[in-house]
Each structure stands twice: as C-alpha cells, then as structure tokens.
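>>> 3D, please:
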Amino acid sequence: PISAFTPERVTVPVGVRIRQVKGPKQNIRRILNGQDAKDGAWPWQVSVRMYGSHICGGSLISESWVVSAAHCFDPSVANSTYRVQLGETRLVSETPTQTFSSVKRIILHPNFNSSTFLADIALVELEKPIAFTAAISPVCLLDASVRVPAGTPCWVTGWGNMRPQDPTPLPEPAETLQELKVFTIDSTICNDHIREALQKPAGDNPVKEDMMCAGYMEGYKGTAPGDSGGPLVCEENGTWYLAGIVSWLLETIEHSVAAGYPGVYNRPNAHNEWILENVPGVTFTVVNFTLNSARPSTTVTLSSASPSTTVTMNSAGPSASIPKVLLLIVLLRLTP
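Residues are numbered from 1 along each chain as shown. Model prediction:
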C-alpha cells in the first residue's frame, strides 16, 4: 500500500464500526438528499480510482480483497491503471487514516451481462494486505440463505454525482462521502413498477434473481453516477452486513435520474460460491433480521411517471453499454 505513514494496527471485529472524532464539516451540496458521513463511520468503504480519478465505490471484505461492481472495470485496461483509496471520507485529503493500494488482480464474474447487469459483481485483490485500523475494517458477508426483508432500514454510501437532475458531460463527484438511509423494497413490487416504466411485457423482469431494490418510491433519494460498486449495508445487533452492491437505476431520456423509482443492487450473497473460490478464508453469516414496529409498512403505493416521461435502464457507474455512459467513460479516462 502507498501511504506516508503507518496507522496503528488494531483488532477490529468484522462489520463493527468504531466511531472517531468528527472533523470540520464542509459546506458542500448534498447528494440526493444524503448527508456527509462522519470520519470512520463506514470503515469498509473504498474509492476505486482510474488514472487517479474516482470512478466507483467498493467494500473491503478482507485484508486483501475488495468487492465492487463488474461494470466499473474495463477488461482491456491494465490493472496498474487502477488504485484503491481506503480509510478516508474525502476524495482529496491527506490524513493519518488514509491509505492507497495498488491493484494486483481484478476478477469479473464470468456470468456478468453488460446489457441486463446480471452478475454485476467484481473482486479486486490489493497489491499487499491492508492493516486494519479504526478507519479501515471489513464488512460482514451474508450467508446465501439470507434474504433481507422488505422494509428493512439500510444505508447506502458513495461519492457519486451530486447533481443527477442537472447532468453534465463529466459528472462531479461529492468531495465528502455521502450517506443515506434507505428501505428495502419487495422485489415483486419493484419489478412490476420498473417493468411498467420500461414498457416490458409480463415475465420480462428487469430485476433479476441476484438483484434487490432499495430506496424510495416517491421523489428521488438514492444513488447516482459514481456510486456504482459501493455498499448497501444493513445492521443487526450492532453488526453491519453487506446486503447489496450499487448497480443500476432509471434515467429519463434527458439523462437525468428518474424520480419515483428505487435503486437496484446486486446481491453479493447470490454469488457466495464464486466469492469463496477466489477469496481465501472468507466467511458468511446467517442473520435473522428483526422486524419491528419502527419499520415502515411494506405496502408500497406505486407512483407512476408522468405521461411525458420516458425512462431507460442505466448503470450508476461509468461503463454501462449505452452511448451516454460510454462517452462518460472516455472522459473519465482522460481526467488526470
């Protein structure tokens, strides 16, 4: 890892956050109704850099491995093109908690489909093992048998574009990591809602078996370009679990985020066998998420898009196979 200093090594339980003293709050615009994350609040969050520029998020799952979205990576580009930033909430900062790592290997899921975003998951091996600290620790992985119940409060984090309703040729990432509380949505309800918007026939489900929905069905609170690969985490009994990986969302024909539709995430525990084949010593946990009265009703009222609005499926990151995002990819590659 490339670092100007060596942080103190600590023993950190997997999936447990250790709060640190919060630094000065920056006066920046909010990303999709999110808020600035406190330093050390999400110690598994990483920034994936390409030619030095942030392109996607990711989650640390062991001393040597990060999980992200497959569409974040270009197989034709050398691994040396990428770096990973750990232990920091700000994209441009030099602090004692910050560490950069070169990338040794990138493994895309062999079943990844760039049109449907099926198996949109990738494993990134760091050049050297990372020392866990209060600001750098892994998130827990769920057993394949676990399904997070609809209505579960979870959190999504990322540095994505803070102005998705005002698209520019090169989206501007947030300076400080943003966090947002979202609720999981029943996959059948989500599928029906999105399928209707895309005018697909019954049975042609855009939300595949290895995906899940989370967010809000009114207005827009959630992910944006640049958040791809980042974590959707849910807490149970003080431990945080990686429930989803930011994958895709809907946008209008004007290329702005479509309001009234939740974000769609890949479920990493749908690919546990593949993860286990590639990540030595990784473990998975059976969790019974507690349903309580504090959670909202899982009955969701669908809000239709206005008659003049046409929505299309779009990746939340830089490399979906549609012209606008491919153009964005080229611009990101040229950014110093």
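>>> Next, the contact list for the residue nearest the centre of the chain, please.
Geometric centre of the chain, nearest residue: Gly230, 2.0 Å, by Cα atoms, centre = their mean. Residues in contact with Gly230 (Cβ atoms under 8 Å, 6 or more residues apart in numbering) are 45, 56-59, 68, 156-158, 160, 223, 245-246. Yep, even glycine has a C-beta here, placed from its N, CA and C like the rest.
>>> Next, the buried residues of the helix or strand hosting Val246.
In the assignment (DSSP states H and E), Val246 maps to strand 239-252. Neighbour counts using 16 or more other Cβ atoms under 10 Å place 239-252 of strand 239-252 among the buried residues.
>>> Could you dump the residues you listed into CSV with pLDDT added?
As requested, these are exported to CSV (pLDDT from 0 to 100):
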residue, pLDDT
Thr239, 94
Trp240, 97
Tyr241, 98
Leu242, 98
Ala243, 98
Gly244, 98
Ile245, 97
Val246, 95
Ser247, 94
Trp248, 92
Leu249, 87
Leu250, 86
Glu251, 78
Thr252, 75
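>>> coming back round to it: please report the distance of the residue nearest to the centre of the chain from Ala224.
According to Cβ to Cβ, to the nearest Å, Gly230 stands 11 Å off from Ala224.
>>> which residues do these two both contact?
In contact with both Gly230 and Ala224: Gly158, Gly160, using Cβ under 8 Å, 6+ apart.
>>> Check the residue nearest to the centre of the chain and give its pLDDT.
Looking at Gly230, its pLDDT stands at 96.
>>> cool, and Val12?
Val12 is given a pLDDT of 44.
>>> Equivalent analysis for Met313, please.
54.
>>> same check, this time on Pro75
Looking at Pro75, the pLDDT reads 93.
>>> any chance of the contacts of Gly230 in CSV, plus distance to Glu94?
Shown next, in CSV, are those (distance: Cβ to Cβ, whole Å):
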residue, distance to Glu94
Gln45, 18
Cys56, 22
Gly57, 20
Gly58, 21
Ser59, 23
Ser68, 24
Val156, 27
Thr157, 21
Gly158, 21
Gly160, 23
Thr223, 28
Ile245, 29
Val246, 27
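>>> I'd like to know which of those residues are part of strands.
Gln45, Cys56, Gly57, Gly58, Ser59, Ser68, Val156, Thr157, Gly158, Ile245, Val246 (DSSP state E).
>>> Closest one to Ser145 out of the residues you listed, please.
Ile245 (18.7 Å; Cβ to Cβ).
>>> how close does the spatially closest residue to that closest one that is not a sequence neighbour sit to Lys208?
Setting aside the residues directly before and after it, Ile245 is nearest to Asn266 in space (Cβ to Cβ, 6 or more residues apart in numbering), at 4.4 Å. Separation of Asn266 from Lys208 (Cβ to Cβ): 9 Å.
>>> Repeat that for Tyr51.
32 Å.
>>> Tell me how far Ile245 lies from Ala150.
Ile245 is 19 Å from Ala150, by Cβ to Cβ.
>>> still on that earlier bit, give me the nearest residue to the residue nearest to the centre of the chain, chain neighbours excluded.
Nearest one to Gly230, counting by Cβ to Cβ, 6+ apart, is Gly57 at 2.8 Å.
>>> so what's the one you found up against?
Counted by Cβ under 8 Å, 6+ apart, Gly57 has contacts 45-48, 68, 157-159, 226-231, 246.
>>> Same question for Pro268.
Val67, Ile121, Leu141, Leu142, Leu242, Gly244, Ile245, Ile275.
>>> Check it and give its pLDDT.
Value for Pro268, per-residue pLDDT: 99.
>>> what's the domain layout of this structure?
As recorded under automatic domain parsing, the domains making up the chain are 42-126, 140-269+281-334.
>>> Next, the buried residues of stretch 64-71.
Ser64, Trp65, Val66, Val67, Ser68, Ala69, Ala70, His71.
>>> is it true that Glu172 touches Ala224?
No. Glu172 is beyond contact range of Ala224, at 10.4 Å (criterion: Cβ atoms under 8 Å).
>>> tell me the SS of the closest residue to Tyr82 other than its chain neighbours?
Using Cβ to Cβ, 6+ apart and skipping the chain neighbours, the partner closest in space to Tyr82 is Val103 (4.4 Å). The three-state assignment at Val103 reads strand, by DSSP: H, G, I helix; E, B strand; the rest coil.
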